[in-house]
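Chemist: next come a sequence and a model predicted from it.
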Amino acid sequence: MSKDPIKEYLKDPDRRAKAFLALSAAMVLTTILIVIGTIVFILLALGII
């Protein structure tokens, strides 16, 4: 049975911190893109754009 590569990667605290920062940045970017898309959709629906 092989070991879980994610657990092996996250054993190192430095790698764990880098993964946390990358995941946090991805969540922030996703939120920003959803907000921009919602605003553009509302403006299109109202006929402003």
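Modeler: Yep, that arrived.

Chemist: can you give me the helices in the chain?
Modeler: Listed in chain order, the helices of the chain (DSSP state H) span residues 5-9, 13-46.

Chemist: pass me the low-pLDDT residue ranges in the protein, would you?
Modeler: Under the criterion pLDDT under 70, the flagged ranges of the chain are 1-2.

Chemist: identify the residue nearest the geometric centre of this structure.
Modeler: When the chain is reduced to its mean C-alpha position, the nearest residue by CA atoms, centre = their mean turns out to be residue 26, at 2.3 Å.

Chemist: ok, that residue - contacts?
Modeler: Applying CB atoms under 8 Å, 6 or more residues apart in numbering, we find residue 26 in contact with no residue. Every residue, glycine included, has its C-beta placed from N, CA and C.

Chemist: what's the span of stretch 8-18, first residue to last?
Modeler: End-to-end distance of stretch 8-18: 14 Å, with CA to CA, to the nearest Å as the criterion.

Chemist: sweet, I'm off.
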